[in-house]
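Chemist: what's the 3D shape of this:
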Amino acid sequence: MVVAGATARNAAPTGCSASRLPLTYRDAVRARHTGRAVAALVIVTSTACAATASDAERSASSTAEPSSASARETSSTPAPTPATTLAPSEAEDVAPPAGGSRAPAATRTPTTEPNVGTLAPTTSPSTTEPAQRRKPTPLPSHRSVGASIEWFEPGPPWDGGAALTGLPIDAAIAARPALVVKIDNAPGGRPQWNLADADLVIEVNVEEITRFVAVYQSRLPDRIGPVRSVRTSDLDVVSALNRPVLAWSGGNRGVTGAVRSRAAAGLLVDLSAQHSGCFYRSQTRPVPHNLVLDPICAFESAPTAGPARPLFERDIGAPPPWAATPVGRFDVGMDGLTITWVWDAATGRYLRRQRGRWHTDLDGDVVSATNVVVMQVAHEPSVIDARSPHAITTGAGPVVVHRGGVAIEGTWWRDDPRQGFVLLDRAGASLTLAPGTVFVEMSRWRGA
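Modeler: As a prediction, this is how the structure comes out:
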């Protein structure tokens, strides 16, 4: 299928065939009803998924999260609002933080980063507990010789600037893989460790709350967390990043099988706390909100990961030609949470608020982004656990892109989880993002 505005950059990398491998979640749903084995969204067709337990983290090891520690929001949580509301919802002043508040991490002067072989953190958190440097751990191979599987071979490094931000970058950093970390957003998990340093953040619904799929490449903090478990829909998103490193806490048999099947197909590197020594527990907060990742260890443990590739098309930052509406502030309704974004013209960034206050990480950095992409996505119960929502990120749906203080309405589209997203404006023209960081809100599509 050819869509207006799509370019060669949205095509699957060499070695990937969209016709032979049933990757989509709907394939898994069909398989469930026809009796086929459904391990990990049917990538390895010979592996069965027998799990019926919840996606809560298991307690099989000292780094696994206890299944009894379910961090739900309380009943006082406001009901979700429509996906994008342009009118204010909070009574208090929402002027950007000033005075004692530190600037967003992305607005700080960049430092020169070493090549991938001599990784070192570029930021130092202002916490009393020092970050731990962990020893790289050999990872198990999930590849099954003779299994019914199509092997994915990663494409070359991205040549259009940093893959995740579109900003200038040197060749050594461009060769880094994307490091994907599933991060907590439960009350006990806030503030997060270095969420503001991610190049790309995708906020997703889990069970009556949200979590973050945070992706790092161009900037490398000394720790990241709290790390939590993934959901099946996360795998459809990260499969487009050219064999990224997936850092997660561990989960039930169904989710674990799904991750391993993607790893067996070469679509990701499985960096689970169940078999990697790159994680440790912070002593500053209780389990399960204290699992921390050493990102240097993560990179060094994954030599087979592919160089990062983008999820969205970029432009050079020129004024957008699309039909746009000036919007200085807007709300996004997620499960159990309403987020407010405020445009700060002084920094050229959108600043995030949740629960009536600025969203800052443990360093005091405001979580912010150059682009905020609000995607309305259909959700279904997961085939692994019906209590867990699964976002359908293949197909199409409404989108609003916020950049430069304006909002552009359009449509998102893709037909394969291994491809990036195509964004089109209402006239069908390609809708691109400005150079800089990206925050994606995957809200429920009520009209689906």
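Chemist: Let me know how buried residue 412 is, in neighbour terms.
Modeler: When counting by other CB atoms under 10 Å, one arrives at 23 neighbours for residue 412. C-beta: built from backbone N, CA, C; applies to glycine.
Chemist: Renumber starting at 19 from here on
Modeler: Shifting the count to begin at 19 puts that one at residue 430.
Chemist: What is the helix or strand in which it is found packed up against?
Modeler: When elements are assigned from DSSP states H and E, residue 430 belongs to strand 424-432. Contacts defined by 3 or more CB pairs under 8 Å, 6 or more residues apart in numbering; DSSP states H and E place strand 424-432 against strand 343-344, strand 413-421, strand 440-443.
Chemist: Make CSV from these and add mean pLDDT and mean neighbour count to it.
Modeler: What follows is the helices and strands packed on strand 424-432, written out as CSV (pLDDT from 0 to 100; neighbours: other CB atoms under 10 Å):
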stretch, mean pLDDT, mean neighbour count
strand 343-344, 96, 10
strand 413-421, 97, 21
strand 440-443, 97, 22
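Chemist: can you put those in a markdown table and add distance to residue 219?
Modeler: Listed next are these as a markdown table, based on distance: least, CB to CB, whole Å:
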| stretch | distance to residue 219 |
| --- | --- |
| strand 343-344 | 24 |
| strand 413-421 | 14 |
| strand 440-443 | 17 |
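Chemist: show me where the stretch 169-318 of the chain has helices.
Modeler: Taking DSSP state H, counting those that start in this stretch to define them, one finds helices in the stretch 169-318 of the chain at 189-192, 250-256, 271-282, 313-318.
Chemist: As TSV, those with mean pLDDT would be great.
Modeler: Putting those into TSV (pLDDT from 0 to 100) gives the following:
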stretch	mean pLDDT
helix 189-192	92
helix 250-256	93
helix 271-282	93
helix 313-318	97
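Chemist: Nearest to residue 325, out of those?
Modeler: Proximity of those to residue 325 was assessed by CB to CB; the nearest stretch is helix 189-192, lying at 6.5 Å.
Chemist: wait, what's in contact with residue 334?
Modeler: Residue 334 sits next to residue 453 when contact means CB atoms under 8 Å, 6 or more residues apart in numbering.
Chemist: go again using 7 Å as the cut-off
Modeler: With contacts defined as CB atoms under 7 Å, 6 or more residues apart in numbering, residue 334 has no neighbours.
Chemist: Which secondary structure element is home to it?
Modeler: Per DSSP H and E, residue 334 falls between elements, in no helix or strand.
Chemist: Of all the helices of the stretch 169-318 of the chain, which one is nearest residue 294?
Modeler: Taking CB to CB as the measure, the helices of the stretch 169-318 of the chain were each checked against residue 294, and helix 313-318 came out nearest at 7.8 Å.
Chemist: Near residue 174, how many other residues are there?
Modeler: Residue 174 is surrounded by 13 other residues when neighbours are defined as other CB under 10 Å.
Chemist: returning to what we had before: specify the stretch among the helices of the stretch 169-318 of the chain that is closest to residue 153.
Modeler: Of all the helices of the stretch 169-318 of the chain, the one in closest proximity to residue 153, counting by CB to CB, is helix 313-318 (6.9 Å).
Chemist: TSV please, covering the helices of the stretch 169-318 of the chain and showing distance to residue 174 and mean neighbour count.
Modeler: As requested, the helices of the stretch 169-318 of the chain are arranged in TSV below (distance: least, CB to CB, whole Å; neighbours: other CB atoms under 10 Å):
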stretch	distance to residue 174	mean neighbour count
helix 189-192	10	16
helix 250-256	19	24
helix 271-282	21	24
helix 313-318	18	23
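Chemist: if we can go back for a sec, quick one: contacts of the strand holding residue 430?
Modeler: The contact list for strand 424-432 (CB under 7 Å, 6+ apart) reads 21, 338, 340, 342-345, 393, 412, 414-419, 439-444, 449.
Chemist: so where's this protein shaky on pLDDT?
Modeler: Applying pLDDT under 70 to the chain flags residues 19-145, 162-166, 466.
Chemist: Grab the most central residue of it for me.
Modeler: A centroid search over the chain (CA atoms, centre = their mean) returns residue 231, at 2.6 Å, as the residue closest to the centre.
Chemist: now the nearest residue to that residue once chain neighbours are set aside, which residues is it bridged with?
Modeler: Sequence neighbours aside, residue 220 is the residue nearest to residue 231 in space, at 4.2 Å (criterion: CB to CB, 6 or more residues apart in numbering). Note on residue 220: beta-bridge partners residue 231, residue 458, judged by DSSP bridges.
Chemist: Ok, residue 243 next?
Modeler: Under the criterion DSSP bridges, residue 243 forms beta bridges with residue 211.
Chemist: So what's the residue count around it?
Modeler: Summarising burial for residue 243: neighbours were counted as other CB under 10 Å, giving 28.
Chemist: isn't it right up against residue 309?
Modeler: Yes: applying CB atoms under 7 Å as the test, residue 243 and residue 309 come out as touching, 5.9 Å apart.
Chemist: Mind checking the helices and strands packed on strand 424-432 for the one nearest to residue 206?
Modeler: Proximity to residue 206 (CB to CB) singles out strand 413-421 among the helices and strands packed on strand 424-432, at 29.7 Å.
Chemist: Listing partners with orientation, what would you give for the closest one?
Modeler: The pairing partners recorded for strand 413-421 under DSSP bridges are strand 389-395 (antiparallel), strand 424-432 (antiparallel).
Chemist: Send me it as PDB with only the CA atoms.
Modeler: Provided in PDB are the C-alpha atoms of strand 413-421 (Å, rounded to 0.1, in the frame of the first residue of the first chain):
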ATOM      1  CA  GLY A 413      -3.500   0.700  10.900                       C
ATOM      2  CA  ALA A 414      -4.500   4.400  11.200                       C
ATOM      3  CA  GLY A 415      -6.000   6.900  13.600                       C
ATOM      4  CA  PRO A 416      -6.300  10.600  14.400                       C
ATOM      5  CA  VAL A 417      -3.200  12.600  15.500                       C
ATOM      6  CA  VAL A 418      -2.400  16.100  16.600                       C
ATOM      7  CA  VAL A 419       1.200  17.300  16.300                       C
ATOM      8  CA  HIS A 420       2.200  20.100  18.600                       C
ATOM      9  CA  ARG A 421       5.400  22.000  17.600                       C
END
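Chemist: Using TSV, lay out the helices of the stretch 169-318 of the chain together with distance to residue 295.
Modeler: Supplementary listing: the helices of the stretch 169-318 of the chain in TSV, determined by distance: least, CB to CB, whole Å:
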stretch	distance to residue 295
helix 189-192	25
helix 250-256	22
helix 271-282	18
helix 313-318	7
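Chemist: Need the nearest residue in space to residue 278, chain neighbours excluded.
Modeler: In this structure, residue 278 finds its nearest non-sequential neighbour in residue 160, 4.4 Å apart by CB to CB, 6+ apart.
Chemist: Please report the distance of the one you found from residue 279.
Modeler: Residue 160 is 8 Å from residue 279, where distance means CB to CB, to the nearest Å.
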